[in-house]
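Peer 1: Following is a predicted model, sequence given first.
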Amino acid sequence: MNTDDLLPLAVAIPLLGAAVLAIAGRWLPRFGRDALATAWAAADVACLALLWARTSPDGRAVSWLGGWVPHDGHSVGIVLVADRLGSGLALVAAVLVLAVLCYAWRYFDEPSGEHGGMFPALLLLFEAGMCGFALTGDLFDAFVFFELMGAVAYAVTGYRIEDPRPLHGALAFGLVNSAAAYLSLLGIGLLYARTGELGLAQIGAALDERAAAGHGRDALVVVAFVLVLAGPLVKAATAPFHFWLPDAHAVAPSPVCMLLSGVMVELGVYGVARIHRIVFAGTGGLPDTVVRDTLLAAGVLTALIGGVMCWQQRHLKRMLAFSTVGHVGLFLIGSALLTPAGLAGAAVYVAGHAGAKAALFGLTGVLLDRYGSVDEHGLYGRARELRLPGLLFVLGGLALAGLPPLGTGLGKAITEEAAGHELGWLPAVFVLVSALTGGAVLRAGLRVFGGVGTPPTEHPEVAATTGEGEEPEIREPGRRLPAPMLLVPGLLLAGCLAIGVLPGVGRALAAGAAAFTDRADYLADVLGQPGRRQPGAPAAIVPKAWWTASGVALGLLSALLAAGLATAAVRRDPRRGTGGLYRATVLPLRRLHSGLLGDYVAWLTVGLALLLAAIGAQL
């Protein structure tokens, strides 16, 4: 089998698996459904692993579906493109889906009969959307795959329909993301009207040709850039488009949260980087400095809001959700640098974060399984007997804090160094956000699994969402804890560690990052026009993606700060009130997260207006 044939197969395998499960699941017993779903997911992992291995580190595989190859740079066909970053992200998605299916083998008391097999079928459909988005080279098909992924995400978020809270979270999730999708579709329409093309490479080449013909950048291109990025930015939970995410994570089933935070939001950051690099980074697009400064500002704002809000939570799922917002901001900073080093660091960071965050949500599911609660205060000291889950939970907190030699620490170190070369103060943002998010998880772990400190209470001035009174996701609360619910988080954290200690992973992602930023090579490969390669042009320098003394030092610093913050929090006198700084800064920020759908749609409008104004002011 040729390498190019693996691209459509990577999307077709989960699609076919979902169809088979939806039809056959009603007749199969529970074990048969789970085994069949796991087999389909494992087959896609094998396919994507083979695609990753066969893809050249500095090149890409291209597959024109149906043989509709371009002629003179124009084509009506659909193209799939795999480079090391795109196929790597698809592989991460496939591995997490396989892990979630194994984790959920005995998680739900899923009905038999007409609806049997629906949950694993939806997860495979979700996987098809994620893999298709990571591998597509067509802007409209990217929209289609993104919406397939989104529609399934809404369904699995509200999967427990007997509880109104998941339905409310899924509704907010769906409406906000659908509004952003309509805006993205409008932007795609504007680009099609200007260029007559829908492929990423074709649109980018057409805009360059217009610039060469003397037609400079106009308002339509600027507006199209903002509108097209609306969907990826909202899906990535970039501030101020992030409000839907903690509400959805708080009510979604724990296995679903493992996918939403582990890979779905990261696909939004990938979409921003891919669309900008291929479509808008040429002579007919926007200046790199404008895009860099705008996205850097958005990344810093997102990271700080996520870190501060994460520290304020007592609802464990909301805490982890806000930590995802904070880390997405750090990923966006890395990709916004527009350098191979920044992109390589973000790629390593995303891979390590996927394992750590999915493991933490899985361990939170263990608490929900045993105690019917995800409230840090209500669970104080109740999980002392769960020693292994407690150790894994603390390790996950240290991973979020960037402790060497974990993969999150390596990604943080590479991205910090790249960011420090651009703006000297950016590493401080990485240290602060890592300390806040990791410290919040460590604080919860010390209280819940260790009963450390005095029993926590909340000051009346600070109204927080609790995690008490949760609808049980398991119908056998007295059962023995299933082995997959511990084995899967342990393996995910082992994978996070492997990324940080195996140099081959970082080297491969660094080479992929260098190829990702080589726009001329991408256009030449996809359009079948080798002449587009600039003769004599220097190849992108492959950055070093390994530990440095400064990276280790900053990783240890953020981990020590996280441990210090957690220790101070559990020892704090519960009778102490809040200070003036808290009331002036943090309290207003908490009140902005109102939970009202109308507010979230308003922030979507305000955010896009600010983005357009920021770009327009720099042109």
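Peer 2: Received it, and whenever you're ready, just let me know what you need. Since this is a predicted model, take the numbers as computed values, not measurements. Numbers count the residues shown, from 1 in each chain.
Peer 1: roughly how far apart are Arg480 and Gly381?
Peer 2: Distance, Arg480 to Gly381, using Cβ to Cβ, to the nearest Å: 22 Å. (Each C-beta comes from the backbone N, C-alpha and C, glycine too.)
Peer 1: Let me fix that, I meant to ask about Pro427.
Peer 2: On the measure of Cβ to Cβ, Pro427 and Gly381 end up 37 Å apart.
Peer 1: These two - which one has more neighbours?
Peer 2: Pro427 (22 against 13; other Cβ atoms under 10 Å).
Peer 1: Skipping adjacent residues, who's closest to that one in space?
Peer 2: In space, and not counting its chain neighbours, Pro427 is closest to Glu416: 4.4 Å by Cβ to Cβ, 6 or more residues apart in numbering.
Peer 1: Equivalent analysis for Pro455, please.
Peer 2: Tyr380 (5.4 Å).
Peer 1: Tell me who's in contact with that neighbour.
Peer 2: Contacts here follow Cβ atoms under 8 Å, 6 or more residues apart in numbering; on that basis Tyr380 touches Arg447, Val448, Gly451, Pro455, Pro456.
Peer 1: how many neighbours does Gly450 have?
Peer 2: Neighbour count of Gly450, defined by other Cβ under 10 Å: 16.
Peer 1: tell me the SS of Val62?
Peer 2: Three-state assignment for Val62 (DSSP: H, G, I helix; E, B strand; the rest coil): strand.
Peer 1: Is the residue minimising distance to the centre of the chain in a helix, a strand, or coil?
Peer 2: The centre of the chain sits closest to Glu266, judged by Cα atoms, centre = their mean, with a distance of 2.3 Å. Classification of Glu266 by three-state DSSP places it in helix.
Peer 1: Hmm, Trp105 and Pro484 touching each other?
Peer 2: Yes. Pro484 is within contact range of Trp105, at 5.3 Å (criterion: Cβ atoms under 8 Å).
Peer 1: And stretch 48-66, end to end?
Peer 2: From its first residue to its last, stretch 48-66 covers 21 Å (Cα to Cα, to the nearest Å).
Peer 1: residues making contact with it?
Peer 2: Contact with stretch 48-66 is made by 3-8, 10, 70, 75, 77-84, 87-88, 90-91, 94, 131, 137, 508, 511-512, 514-515, 521-522, 525-526, 539, 542, as judged by Cβ under 8 Å, 6+ apart.
Peer 1: again, but for stretch 134-145
Peer 2: Contacts of stretch 134-145 (Cβ under 8 Å, 6+ apart): 7, 10-11, 62, 78-82, 86-87, 89-90, 93, 128-130, 132-133, 181, 184-185, 188, 191, 198-201, 203, 228, 231, 267, 270-271, 275, 279, 526.
Peer 1: From these, which land in strands?
Peer 2: Val62, Val79, Leu80, Val81, Ala82 (DSSP state E).
Peer 1: hey, what's the last one bridged with?
Peer 2: Applying DSSP bridges to Ala82 yields these beta-bridge partners: Ala61.
Peer 1: and it, what does it touch?
Peer 2: By Cβ under 8 Å, 6+ apart, the contact list for Ala82 reads Leu6, Leu7, Leu51, Thr55, Arg60, Ala61, Val62, Ala90, Leu135.
Peer 1: Now the two most distant members of those.
Peer 2: Val62 and Ala90 (15.2 Å; Cβ to Cβ).
Peer 1: Give me the number of neighbouring residues for the nearest residue to Cys310 once chain neighbours are set aside.
Peer 2: Nearest-residue entry for Cys310: Phe322, 3.8 Å, with adjacent residues in sequence omitted and distances by Cβ to Cβ, 6+ apart. Using other Cβ under 10 Å, Phe322 has 29 neighbouring residues.
Peer 1: List the contacts of Phe322.
Peer 2: Pro246, Gly306, Gly307, Met309, Cys310, Gln313, Thr437.
Peer 1: Out of those residues, which is nearest to Ala297?
Peer 2: Taking Cβ to Cβ as the measure, Ala297 lies nearest Gly306 of the contacts of Phe322, at 15.0 Å.
Peer 1: Please report the number of neighbouring residues for that closest one.
Peer 2: 28.
Peer 1: For the host helix or strand of it, buried residues please.
Peer 2: Applying DSSP states H and E as the criterion places Gly306 in helix 288-311. Residues of helix 288-311 classed as buried by neighbour count (16 or more other Cβ atoms under 10 Å): 290-296, 298-311.
Peer 1: Name the next helix or strand following it along the chain.
Peer 2: For helix 288-311, the following helix or strand on the C-terminal side (DSSP H and E) is helix 316-336.
Peer 1: quick one: low-confidence parts of the stretch 1-150 of the chain?
Peer 2: Scanning the stretch 1-150 of the chain for pLDDT under 70 picks out 1, 73, 106-116.
Peer 1: so what secondary structure elements neighbour the helix or strand harbouring Cys102?
Peer 2: Taking DSSP H and E as the definition, Cys102 sits inside helix 84-103. In terms of contacts (3 or more Cβ pairs under 8 Å, 6 or more residues apart in numbering; DSSP states H and E), helix 84-103 is packed against helix 3-24, helix 30-54, helix 118-135, helix 254-259, helix 265-275, helix 340-371, helix 484-501, helix 503-516.
Peer 1: chain center to that helix: distance?
Peer 2: Centroid displacement of helix 84-103 relative to its chain, using Cα atoms, centre = their mean, to the nearest Å, is 12 Å.
Peer 1: Could you tell me the angle between it and helix 503-516?
Peer 2: 130 degrees (axes from the mean of the first three to the mean of the last three Cα atoms, to 10 degrees).
Peer 1: Send over helix 84-103 as CSV, restricted to the C-alpha atoms.
Peer 2: In CSV, the C-alpha atoms belonging to helix 84-103 read as follows (Å, rounded to 0.1, in the frame of the first residue of the first chain):
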residue,chain,number,x,y,z
ARG,A,84,4.6,15.3,10.5
LEU,A,85,2.5,17.7,12.6
GLY,A,86,-0.8,17.0,10.9
SER,A,87,-0.4,13.2,11.0
GLY,A,88,1.0,13.5,14.5
LEU,A,89,-2.0,15.4,15.8
ALA,A,90,-4.3,12.9,14.1
LEU,A,91,-2.3,10.1,15.7
VAL,A,92,-2.7,11.7,19.1
ALA,A,93,-6.5,12.0,18.5
ALA,A,94,-6.7,8.3,17.6
VAL,A,95,-4.7,7.2,20.6
LEU,A,96,-6.9,9.2,22.9
VAL,A,97,-10.1,7.8,21.4
LEU,A,98,-8.6,4.2,21.9
ALA,A,99,-7.7,5.1,25.5
VAL,A,100,-11.2,6.6,26.2
LEU,A,101,-12.9,3.5,24.7
CYS,A,102,-10.8,1.2,26.9
TYR,A,103,-11.5,3.5,29.9
